[in-house]
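**Student:** Predicted coordinates and the sequence they were generated for:
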Amino acid sequence: MAITQLPSTHEGERRMIPMGRIHRPRELAHDLDVSGLVDVENGLIDRAIFTDQRLYEQEMARVFASSWLFLGHVEQLQKPGDFFTTFMGEDPMIVTKDKSGRIRAFLNSCRHRGARVLRADYGQARAFTCTYHGWSYDLEGRLSSVPNEVGYENAAWNRDEWGLLEVAQLDTVLGLVFATWNPSAPSLDDQLGDMKWYLEAFLARDSEGTTVVGGITKWVLKGNWKLAAEQFATDWYHVNMSHASALMVLSPTGTGPKKEIAETAGRQYSDLHGNGTGFPVHPKSRFDAQPVHQHYDYDALRERLGEARVQGPLTTGHATIFPNFSYLPVNGSIRVWHPKGPDEMEVWAWTVLDKSMPEDVREAQRLYNLRTFGPSGIFEQDDGENWSEIQAISRGWRTNTLPLNYQMGIGSESSDGIHPGSTSALYSDAAGRRFYQRWAELMNTPAWHEED
Amino acid sequence: MADEGILVAHVQDIPDGEGIKIDADVLGTVDDVALFNHAGEIFALDDTCSHETASLSEGWVENGVVECPLHAGKFCLRDGSVQSMPTTVDVACHRVIVSGGDVRVVPNPARRAQ
């Protein structure tokens, strides 16, 4: 399904927000200069970016308010009135199909006193009614019913101005739904750039497209959201160490994979939009779950996606689309790292499946993903432990003021003539440096809503 | 024949657990009429909720009541009587005759348009 831009995208068609004399004093917003916290040239990061409440608030107002953020998969919405709820940063969102079948995303907060107008995770609605006083909104976000509306007759009351707030732009790519509050954000395709070539290796294997296993797995972790987003962008380095026990259990010998498997060389892509992905490169690159491996016709995939993608980003690897959407092609895992204050995140994870997969292959991939990267998965447990460990000690004064090392592969970014864009060796902090470079750029630039 | 009502729908037009709206002009009534299918039995009530302006035909049908889609006020499908807050006023009901799959409505005399 193709989404064109929403009415709300266009200047002059966005609904007015009555402001009266409301004008927030500038002092309430932060304008901290982070150029001394992120040193990309020398590969150093100040730990305050993971712990400071003021930086966190600035991050919400500049990074999250300006960027394209992941909402869900198009298959979560089938008919008009189907909805699911999620977050953009810390903002609660309703994602629904309106009466014309178009995907819309609204802030899930009543314009009257601010309560949520929808409490469910997903379902079918004919209207969104606040349970506090009963203001009711239709599927297009218009305020359609106000109990005792006669009471507003002396106010500057125009019901059209009190609809649910809608995102500025919404678009889909390969079945993934993204939106942004930023009316002047470059297109989603621009944000992806060369990253789309790598994303296609995951989501364009099947001409029929992808679907998702019903439901979203959600769990809470101690740890700043960037620890997870950064790792999925840039970190293959941790695999043999952090996941040693899991790799041993999965190996035929019980002592771990052979040297040529465990130490397969690969490439890591990064770009100035903050996206990153890394993957081993191997002529016999394969899916791990046996029924999934048997399902795929690798020659047909070579024809469809090209040799370089089949040997690399098709299977084992990691990826982050800036700022907080990540995925693992071999598991079909997609996830969003919802920020919950500087010290906590919520992980929301789905299993993506090719539509043409028969039921037994779908079930095999679902179980493989759940057992490796579900909330109790043998790999996911290792990662969560690392992030929570880092966060738990990071408020010590001496700990917090010691810069962290992001120097691996510094200066090694190049074009290898095989993989689009700029790549480095698989073991590299290149994508991490560029993730924080983009973060710092947004943090130091007044956002669209700060312009007078 | 007038007593036998006005043919407005076929049973299969109304999915089980849902409602459809019949225009007031068709029935000569002051309000549109909502037809509901509750486990195969057809009921007819005034369509507009007595609380705020909402179409009961878009409501949720279960346990012998229709729940308004806007503020969750409930009305008995059989007689239109109020079953829950926030609504406080009954809605009118109309007699329904089903025969051979045809659904006929006999408009409530108190709700006939002049």
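**Tutor:** Noted; the coordinates are in hand. Numbers count the residues shown, from 1 in each chain, chains lettered A, B, ... in the order given.
**Student:** what about whatever residue of the stretch 201-350 of chain A ends up closest to chain B, which SS state?
**Tutor:** Closest approach between the stretch 201-350 of chain A and chain B, counting by CB to the nearest CB: A:Gly214, at 21.7 Å. For the C-beta atoms, the positions are set from N, CA and C on the backbone; glycine is no exception. Using DSSP: H, G, I helix; E, B strand; the rest coil, the structure places A:Gly214 in coil.
**Student:** can you list the weak-confidence ranges in the chain?
**Tutor:** No chain was given, so I picked chain A. When residues are selected by pLDDT under 70, those of chain A lie in A:1-15, A:452.
**Student:** Switch to chain B, please.
**Tutor:** B:1-3.
**Student:** near chain A, which residues of it?
**Tutor:** Contact residues (CB under 8 Å from any CB of the partner chain) of chain B with chain A: B:His51, B:Glu52, B:Thr53, B:Ala54, B:Glu58, B:Pro69, B:Leu70, B:His71, B:Ala72, B:Pro86.
**Student:** pretty sure the last one contacts A:Thr131?
**Tutor:** No - shown here, B:Pro86 and A:Thr131 do not form a contact pair, counting by CB atoms under 8 Å, at 10.9 Å.
**Student:** picking that back up, which one (most neighbours) among the residues of chain B next to chain A?
**Tutor:** Sorting the residues of chain B next to chain A by how many neighbours each has (other CB atoms under 10 Å in any protein chain shown) puts B:Leu70 first, at 27 neighbours.
**Student:** my guess is that residue meets A:Ser136, correct?
**Tutor:** Yes - B:Leu70 lies in contact with A:Ser136 (CB under 8 Å); the separation is 4.5 Å.
**Student:** Which neighbours do the two have in common?
**Tutor:** Taking CB atoms under 8 Å, 6 or more residues apart in numbering or on different chains as the criterion, B:Leu70 and A:Ser136 both touch A:Ala127, A:Thr129, A:Ser144, A:Ser145, B:Glu52, B:Ala54.
**Student:** Name the nearest residue to the second one, ignoring sequence neighbours.
**Tutor:** When you say that, I think you mean A:Thr129. Nearest non-adjacent residue to A:Thr129, counting by CB to CB, 6 or more residues apart in numbering or on different chains: A:Ser136, 4.2 Å away.
**Student:** Now the two most distant members of the shared contacts of B:Leu70 and A:Ser136.
**Tutor:** The most widely separated members of the shared contacts of B:Leu70 and A:Ser136 are A:Ala127 and B:Glu52, with 11.0 Å between them, by CB to CB.
**Student:** Could you tell me which residues touch both of those two?
**Tutor:** With CB under 8 Å, 6+ apart as the test, A:Ala127 and B:Glu52 both reach A:Ser136, A:Ser145, B:Leu70.
**Student:** possible to save those residues as JSON lines with secondary structure?
**Tutor:** Below are the shared contacts of A:Ala127 and B:Glu52 laid out as JSON lines (three-state DSSP):
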{"residue": "A:Ser136", "secondary structure": "strand"}
{"residue": "A:Ser145", "secondary structure": "strand"}
{"residue": "B:Leu70", "secondary structure": "coil"}
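**Student:** Considering those, which is situated nearest to A:His293?
**Tutor:** Looking across the shared contacts of A:Ala127 and B:Glu52 and measuring by CB to CB, the closest to A:His293 is A:Ser136, at 51.1 Å.
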